[in-house]
Structure formats: C-alpha cells, structure tokens
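[1] sequence and predicted structure, then a few things I'm wondering about:
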Amino acid sequence: MPKRVTIKSIADDLGISHMTVSRALSDNPNVQKDTREAVQKRAQELGYVRSAAARAIRGDNSPIVGLLVPNITNDFYARFANTFAEACEDHGLQLIIHLTKDDYAAENEAMLRLREIQAQAVVTVPAPKTDMSLLDAGSGLRNIQLIRQRTDGDPVSSVLVDDSEAIIHAVQHLHALGHRHIAYLGAPEALSSGRQRLAAFQQGLNSVHPSAESAVTLLDAPSQQMGNNSAHRLLQGSDATAIVCGGFEISIGALKALIETNTLNREMAFVGYGDPDFYSWIDGGITTIQVPVDELASSALKIITDETDKSGIEHHSFAAKLVVRNSKQIG
C-alpha cells in the first residue's frame, strides 16, 4: 500500500521544517515566494490532500456543504442540485449530496456524516420525523431547510416556496373554464408543504363557492406511483373533470396516467406542479405551477456565504406562478 503523503513527509523530502510546509500550503505571505511555490509544486506531484479535520482544528472554514434531498429523480431536486452545485463551485465550496428517501433516520445519519467531516452547512428537505427517540444529529451544523419546514427542533433558516396564490389561481382558472368537480392530489398533512398546499386548494374552492359543487382530495406520500394510481382512481370512479397537483413527482405520475389513457384535456383537464422542459410541448403545453429554482438556490447559497452573521436565522420565500397553456374547457 502506498505511503500516505503528509506535511511531515513533504518537509523531509524538501529538507525544510514541517511548519514552513504548512504555512506554504496555506499561502502564508511570510513564506518566501520561491519556497512557497516549490512546496506547492512538490505537494501536487506527490498527491497531497489537505485534511478537513486538521483545517477545522486550526479554525479554518471548511469548504464542504451538504445537500440532503429525498431523491434526484424528482425534476425539481435534480435541477436544484445542479444549480446549487454550480453556485457552490463558483464560491470555492465542495457540495456533497445525500439521498434520504424521505426517511428521518437516513437524514439523521447523513447529518452525522457531514459533522464528522466538518461540513460548513447543509441544505435539507426535511423528512417527516417519525421516530421521536432519535436525537437530532444536525445540532450545531448550520442548517437551511428547503421547501419544507420542521419546527420540532432548534430554529433554523429556511428557503421556501410561496405557492398558495398559484394554487388558488389554478382552481379559479379551471372554474372559469367550466369545471365544477375539481380534484386535488397532494402530499399528506404531516409535511408542512402538504398542509399549506391543501389549504390553498381549499381556499381556491372557497373563492368560487358555491359554483364548485364538490372536490375530491387524495393525499399520500409523494411519488410518481401515488400520482399515477390516484389519477387512474379518479378516471374510474369519480365525477372529477379536472385535477390540480400539489407535488412534483405526483404531477409526473398523474400526467403519465392521463397520457396512457388518452384522457389528457379530453376527459380530464390538468394543472401540474413544477415545470420540466417537456411540459411546454406535450398536448399543446401543460398548464402548471412553476417554481423559481434559480432563486431558491441563490438564496440558500447567500445564507451560507454571508459573513455578517453566521448565527442568524433567516427566512426567505419565493412566489410560484401559474403558467397557463392548454386546458380543457367544459362545454
């Protein structure tokens, strides 16, 4: 096994003190330029890698940032991760992504791993806390909650989407087209985003009452399968003529069901959630609730890199908007 390259081995190789090597690798101006360049060149040749733990002991800021998301098959999570990774790179930060599968134990384990490598901060889509016996492994790690909020622990910063107005507008848009039986597919109320989106849907119905005679709401853990199964259920046994989706994966699954059954904007009008590129060209364009991914990523990074108040708690919210494309009109 090759011998690990250390500051001491570089010092022995060059015949200088290990303190000089350490200072040279840190670009200390007190080290002569020729010596500094020679040390850095030799370190690169030998494949020297600086220790994150050692840097933390010296009080240096860690360049590591974590991102905890349920998955990256979800279009939003994938786009956010890509945008956020590019922004981190521009600021000299290394991004480490953990997939939690919306499991609190997995989230907790990922938090522990990030603390072990002295991560500077973490952006988290909080999983439902189903095991109350687990201690919060993220305590002491600067945490920015994304999309959702969990309020059972210490206060942390958040970057959220305000989609209430967009969901209300979606209901009003469908009602204006003549739909009186509008269904909602969303996440359970155990998730903060699930509660808020369901409340917005109900507020939208109330805004067009009494013309909106009834509504079906189907709630379950957000997934493509949930959306697909729910849409098939509505097609087979309900009076619904329109669907509003309250989640990215739910939207993809429901849309797939409508396309498979050739009922999209024929038997069933549809308002999706999120705006993948293909939404703009399917069946003349999918009406959807568009989420500002770039603004969310920029805001999360700004909280992490803000040097003015590392202990401060910040909350930022960005409005989603209803993008109207092709929708089925009644009559």
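    Perfect, I can see it now. Numbering: from 1, shown residues only.
[2] which stretches in the stretch 201-331 of the chain count as helices?
    Counting by DSSP state H, counting those that start in this stretch, the stretch 201-331 of the chain has helices at residues 224-237, 248-260, 293-305.
[3] can you give the distance of the last one from its chain's centre?
    What it means is helix 293-305. If you compare the mean C-alpha spot of helix 293-305 with that of the full chain, they lie 11 Å apart, counting by C-alpha atoms, centre = their mean, to the nearest Å.
[4] for that helix, packing partners?
    With contacts defined as 3 or more C-beta pairs under 8 Å, 6 or more residues apart in numbering; DSSP states H and E, the secondary structure elements packing on helix 293-305 are helix 75-90, strand 121-124, strand 142-146, strand 157-162, strand 315-319. Every residue, glycine included, has its C-beta placed from N, CA and C.
[5] try it again at 6 Å.
    Other elements packing on helix 293-305 under the criterion 3 or more C-beta pairs under 6 Å, 6 or more residues apart in numbering; DSSP states H and E are helix 75-90, strand 157-162.
[6] now the longest one
    Using 3+ C-beta pairs under 6 Å, 6+ apart as the contact criterion, the secondary-structure elements in contact with helix 224-237 are strand 182-186, helix 248-260.
[7] is it possible to get TSV of these that adds distance to D90, mean neighbour count and mean pLDDT?
    Conversion of these to TSV gives the following (distance: least, C-beta to C-beta, whole Å; neighbours: other C-beta atoms under 10 Å; pLDDT from 0 to 100):
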stretch	distance to D90	mean neighbour count	mean pLDDT
strand 182-186	35	27	96
helix 248-260	26	23	96
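[8] want to throw the ones you listed into JSON lines with distance to G15?
    What follows is the helices and strands packed on helix 224-237, written out as JSON lines (distance: least, C-beta to C-beta, whole Å):
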{"stretch": "strand 182-186", "distance to G15": "68"}
{"stretch": "helix 248-260", "distance to G15": "59"}
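[9] quick one, which of these gets closest to L99.
    Shortest distance between L99 and those, using C-beta to C-beta, is found for helix 248-260: 13.9 Å.
[10] contacts for the closest one next, please.
    74-76, 185, 222-224, 226-228, 231-232, 245, 264, 268, 272-274 (C-beta atoms under 6 Å, 6 or more residues apart in numbering).
[11] could you check the angle that helix makes with strand 182-186?
    With axes from the mean of the first three to the mean of the last three C-alpha atoms, to 10 degrees as the criterion, the two stretches helix 248-260 and strand 182-186 enclose an angle of 130 degrees.
[12] chain center to helix 248-260, what's the gap?
    Taking the mean of its C-alpha atoms, helix 248-260 sits 20 Å from the chain's own mean (C-alpha atoms, centre = their mean).
[13] could you shift the numbering so residue one becomes 29, and keep it that way?
    Sure thing, new numbering starts at 29, so read that last one as helix 276-288.
[14] what's the angle between that helix and helix 103-118?
    The directions of helix 276-288 and helix 103-118 differ by 130 degrees, with the same axes, to 10 degrees as the criterion.
[15] how far off helix 252-265 does helix 276-288 point, in degrees?
    Counting by the same axes, to 10 degrees, helix 276-288 lies at 40 degrees to helix 252-265.
[16] quick one: E193 from F346, how far?
    12 Å (C-beta to C-beta, to the nearest Å).
[17] nope, A66 is what I was after
    For A66 relative to F346 (C-beta to C-beta), the value is 49 Å.
[18] L95 too?
    Distance, L95 to F346, by C-beta to C-beta: 18 Å.
[19] then H126?
    According to C-beta to C-beta, H126 and F346 sit 24 Å apart.
[20] double-check that G94 belongs to a helix.
    No: G94 is assigned strand when assessed by DSSP: H, G, I helix; E, B strand; the rest coil, not a helix.
[21] leaving out the residues flanking it, which one is nearest to the residue nearest to the spatial centre of the chain?
    Nearest to the centroid of the C-alpha atoms of the chain, with distances taken as C-alpha atoms, centre = their mean, sits Y105, at 4.9 Å. Counting by C-beta to C-beta, 6 or more residues apart in numbering, V97 is the residue found nearest to Y105 once chain neighbours are left out, at 4.4 Å.
[22] what's around that neighbour, how many residues?
    24 (other C-beta atoms under 10 Å).
[23] any idea what it is bridged to?
    Using DSSP bridges, the bridge partners assigned to V97 are L127.
[24] that one contacts T152, correct?
    No: counting by C-beta atoms under 6 Å, no contact exists between V97 and T152, whose distance comes to 8.2 Å.
[25] buried ones in stretch 286-295, by neighbour count?
    Neighbour-count burial for stretch 286-295, with 16 or more other C-beta atoms under 10 Å as criterion, is recorded at L286, T291, L292, N293.
[26] sorry, slip of the keys, the one I care about is stretch 258-276.
    For stretch 258-276, the buried set under the neighbour-count rule, 16+ other C-beta under 10 Å, comprises 258-263, 268-276.
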